[in-house]
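Visitor: One predicted model, sequence on top.
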Amino acid sequence: MTDPKLRVLISSEQIQARIKELGDQISKDYPAGNLHMICILKGATFFMTDLARAMKRDVFIDFMGISTYGKGKTSSGEVRVTKDLDISLEGAEVLIVEDIVDSGITLNYLMHVLDQRRPHSIRIAALLDKPERRLRPVHVSYVGFQIPDQFVVGYGLDYDERYRNLDSICVLEGPEAAGAP
Ligand code: PRP
């Protein structure tokens, strides 16, 4: 897909190479136990499926929907669960899989919610991290790429539900980007 408004920031080849490294690292870090990969809908679905296939061990997968209001604008973003997990996390090693950490509001909330379900451990894997945008503290154990504060789309990330199916991460430029968060 070519679009004059899109500038490739991270190519498909770079994404796939980094995911292989992350899969190797995470597999080594979890030599035993039930590892539950929790995908946060919808943006993380592409990263989740590639990361799960890069793992060198058996994993459980599940999906969670989160809706956030006011994030990135104030520090009081309201978060709620719109789709809950199907499987119990009790005693499990939990790996939350996200496409991007921005303000940190979503993951800060989610860590508290999932911690109450008595897992053995919880860590976060995020393909992209924008540390300069952080409003709430979040420890991300596995980061694909740190990126500057630019509006990015592709590989799951959208602008108004568009561009999710690009195989690279692109910066959205021009008038559309001016209206983006
Ligand atoms: C995005 C992204 C994270 C969250 C990160 O989701 O997938 O879940 O925002 O932002 P934060 O760190 O500021 O909380 P979004 O709400 O856009 O939903 P989507 O994945 O369905 O596009």
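Guide: Perfect, thanks for sending it. Numbering: from 1, shown residues only.
Visitor: Start and end of stretch 85-102, how far apart?
Guide: Its first and final residues considered, stretch 85-102 spans 23 Å by CA to CA, to the nearest Å.
Visitor: Would you mind listing the buried residues in that stretch?
Guide: Residues 89, 92, 93, 94, 95, 96, 97, 98, 99, 100, 101, 102 are the ones in stretch 85-102 that count as buried (16 or more other CB atoms under 10 Å). (Glycine included, C-beta is placed from N, CA and C.)
Visitor: May I have the residues that are in contact with the residue lying closest to residue 132 once chain neighbours are set aside?
Guide: Distances taken as CB to CB, 6 or more residues apart in numbering put residue 149 closest to residue 132, at 5.4 Å, once the chain neighbours are dropped. Counting by CB atoms under 8 Å, 6 or more residues apart in numbering, residue 149 touches 130, 132, 133.
Visitor: Three-state assignment for the second one, please.
Guide: Think residue 132. Applying DSSP: H, G, I helix; E, B strand; the rest coil to residue 132 yields a three-state assignment of helix.
Visitor: Show me where the protein dips below the pLDDT cut-off.
Guide: Regions of the chain meeting the criterion pLDDT under 70 cover residues 1-2, 4, 70-76, 175-181.
Visitor: give me that answer again for 80
Guide: Where the chain drops to pLDDT under 80, the residues are 1-4, 69-77, 174-181.
Visitor: Give me the subset of the buried residues of stretch 85-102 lying in strands.
Guide: 93, 94, 95, 96, 97, 98, 99, 100, 101 (DSSP state E).
Visitor: quick one: which two of those residues are the most distant?
Guide: Using CB to CB, those span at most 23.0 Å, a distance reached by 93 and 100.
Visitor: tell me the angle of the biggest helix by length in the chain relative to strand 93-101?
Guide: In the chain, assigned by DSSP state H, the helix with the most residues is helix 12-29. Using axes from the mean of the first three to the mean of the last three CA atoms, to 10 degrees, the inter-axis angle of helix 12-29 relative to strand 93-101 is 160 degrees.
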